[in-house]
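Q: Model the following, please.
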Amino acid sequence: MRLSRREFARLLALSPAVCTAGCAKWEWEDPATATERLVEGPVATPLERRVLDRLGYGPRPGDVAALRAQGVEAYIAAQLQPESIDEDPQLLAMLAEFDTLAMEPEEAHVVEQEWFKDGVVAPISNVLFKFPQLYQPYKPHVTANELCQATAVRAMHSRRQLLEVMVEFWTDHFNVDQSKFDCRWLKTLDDDLIRSHALGKFRDLLLATARSPAMLIYLDNATNRKYDPETKTPPNEKYARELLELHTLGDTSAYTLTDIQQVARCFTGWGVEGEWQFRPGRFVYRADDHDDGEKTVLGQHIPPGQGQGDGVAVIDLLAAHPLTARTISKKLCRYFIGELVPPRLVDRLVAEYQRTDGDVRAMLTELFASDEFRVGTSRVIKRPFRFAISALRGTGAISSCSSLAEHLEAMGQRPFGWAMPDGYPTQPEIWAAGLTGRWRFAIELANGDIDETRIDYGQLERLIDRTDPAAVCQRLAESLLGTTLPPETLASLLALAEPDRRRAIPQWVALLLMAPEFQWCA
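A: Got it, this is the predicted structure:
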């Protein structure tokens, strides 16, 4: 019996779903991360904090103690082998609630395009004559919204933190704007593809993205055909340009316009099954549309008659190119260490890339063991997505992330929403320019004003009733910021605790999340 993707996902999560059936879908939590641990347990060392901040989305209450018990080296080794980490069954149950994650694109398309009014299917005459005031799509944008929410849920709750970070890294590297045409329902499959290759060989990921229906449509290769002498239409060069500049070589001086044209010829006929109105999400090679003549790319001869093998040959050539090794190495360093990229570490990662044929796991092993990572002074800005998830994790919040998209849009980083092929930027100056959305999120989170999201302050309220408020405030700062507050700052926060100590706690949390220290990874 062949199970659909939806049936398989539901069977996988059946047992934990039953276990949590008595609660609202988002109200489960891990007892190991209970909110009272915000002011209990050990204070993280600089290395522990850095590992939790950069290999993941920041510590939850209790994570520092768990990391210390496991040891930094063992934790890093486990994160590099995510398949060895049992995923939280409650997370799997939560993901199973997102129907479109397990749908084939045909199903998602139907869900978004069915027309209803008051529960009755619209008559075909009304659909044909288009009466939008009477009949609207039943669930517009549900696929995009569920993928965005699932991405946040995974980042917030997954035990495989490094995997989620690398999925975000490659999502930017191989950026697809989900709002473009059929990418709306094809991006979910593309996300699965990136997830399955995120810690593997770069060549395999590069080939998989070249055949991804979402990528083929986003960069117009789905319409890339050999030269048409009647219309004098040349092959579409858009994917070829981005493949050379963004996905691999990086250096625009390393190739010529002729190379772009030759690469475009190599990928003629690579497309997506279906035409115009809907493409069901399957890669197809159309031999009749392929230019099967001989070609030369970056000085390498590609003989005629290879068909689809032309594109594969280009993928192999680019994946093995020294400039590709350097592009990926620099980008990993910038992502995990900061904009001040250490040249010697880049060289070592390049050597590791070449030694292992582009094994991402091996490169990260070298990076995380380096002094540049462990004791370096370069800082990594928290982009809006990381800021929001780290705030949720750091406060021990319980959340379905159902309304997170609107906050991320206000901050400028809704997942899969960057229109340009280069992915969301990493430069601190870009993100430091707009902080209003962050402050709003921090205030609403602390005050319980975000839908299906709450912070249980009960234990903290009981603690502050019997303990020195200064001690509670300092421990909150140590948990959220990884540092103690200077006397003048502490005095200002303590003034908020008069006369009602309990009412001060949400204000402390909001202000600490708005602090400059929380905008950066340790």
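Q: What segments of the stretch 101-250 of the chain are helices?
A: Ranges of helices in the stretch 101-250 of the chain, per DSSP state H, counting those that start in this stretch, are 105-113, 124-129, 142-157, 161-173, 183-197, 202-210, 213-218, 238-242.
Q: So what's the residue count around Glu107?
A: Glu107 has 18 neighbouring residues, counting by other Cβ atoms under 10 Å. Heads up, the C-betas are built off the backbone N, CA and C, glycines and all.
Q: Out of the helices of the stretch 101-250 of the chain, flag the one nearest Ala504.
A: helix 142-157 (26.2 Å; Cβ to Cβ).
Q: what's the spacing between that closest one and its chain's center?
A: 9 Å (Cα atoms, centre = their mean, to the nearest Å).
Q: And the helices in the stretch 301-450 of the chain?
A: Using DSSP H, counting those that start in this stretch, helices in the stretch 301-450 of the chain cover 309-319, 322-336, 343-355, 360-369, 371-374, 384-394, 404-411, 428-431, 436-446.
Q: mind showing which ranges of the stretch 351-500 of the chain have poor pLDDT?
A: For the stretch 351-500 of the chain, no stretch has pLDDT under 70.
Q: Out of the helices of the stretch 301-450 of the chain, which one sits most buried?
A: Stretch with highest mean neighbour count among these: helix 384-394 (a mean of 25; mean count of other Cβ atoms under 10 Å).
Q: need the helices of the stretch 301-450 of the chain in TSV with distance to Leu199, can you?
A: Formatted as TSV, those follow (distance: least, Cβ to Cβ, whole Å):
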stretch	distance to Leu199
helix 309-319	16
helix 322-336	12
helix 343-355	14
helix 360-369	5
helix 371-374	17
helix 384-394	19
helix 404-411	25
helix 428-431	26
helix 436-446	30
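Q: Quick one, which of those helices gets closest to Gln81.
A: Among the helices of the stretch 301-450 of the chain, helix 360-369 sits nearest to Gln81 (Cβ to Cβ), with 8.0 Å.
Q: helices or strands next to that closest one in the packing?
A: Helices and strands touching helix 360-369, by 3 or more Cβ pairs under 8 Å, 6 or more residues apart in numbering; DSSP states H and E, are helix 161-173, helix 322-336, helix 343-355.
Q: what angle separates that helix from helix 202-210?
A: 120 degrees (axes from the mean of the first three to the mean of the last three Cα atoms, to 10 degrees).
Q: report the angle between the axes of helix 360-369 and helix 343-355?
A: For helix 360-369 against helix 343-355, the angle between stretch directions is 160 degrees (the same axes, to 10 degrees).
Q: contacts for helix 360-369?
A: 51, 55, 76, 80-81, 162, 166, 198-202, 205, 328-329, 332-333, 336-337, 345, 348-349, 352-353, 355-356, 373-374 (Cβ atoms under 8 Å, 6 or more residues apart in numbering).
Q: again, only using 7 Å
A: Helix 360-369 is contacted by residues 76, 80, 199-200, 202, 329, 332-333, 336, 345, 348-349, 352-353, 356, 373 when judged by Cβ atoms under 7 Å, 6 or more residues apart in numbering.
Q: what does stretch 239-249 give?
A: Contacts for stretch 239-249 (Cβ under 7 Å, 6+ apart): 174, 206, 219-221, 224, 252, 255, 259-260, 263-264, 267, 318, 321, 323-324, 327, 421-422.
Q: quick one: the residue of the chain most remote from its centre from Asn224, how far?
A: In the chain, counting by Cα atoms, centre = their mean, Glu230 sits farthest out from the average C-alpha position, at 44.2 Å. To Asn224, Glu230 is 17 Å away according to Cβ to Cβ, to the nearest Å.
Q: Nearest residue to Phe416 in space, please, no chain neighbours.
A: Gln178 (3.9 Å; Cβ to Cβ, 6 or more residues apart in numbering).
Q: End to end on stretch 242-253, go ahead and measure it.
A: End-to-end distance for stretch 242-253, by Cα to Cα, to the nearest Å: 14 Å.
Q: Next secondary structure element downstream of the helix or strand of the chain with the lowest mean pLDDT?
A: Using mean pLDDT, DSSP states H and E, the weakest-scoring helix or strand in the chain turns out to be helix 14-19, at a mean of 36. Going down the chain from helix 14-19, the next helix or strand is helix 46-54, by DSSP states H and E.
Q: Lys187 contacts Leu147, correct?
A: Yes: using Cβ atoms under 7 Å, Lys187 is in contact with Leu147, at 6.3 Å.
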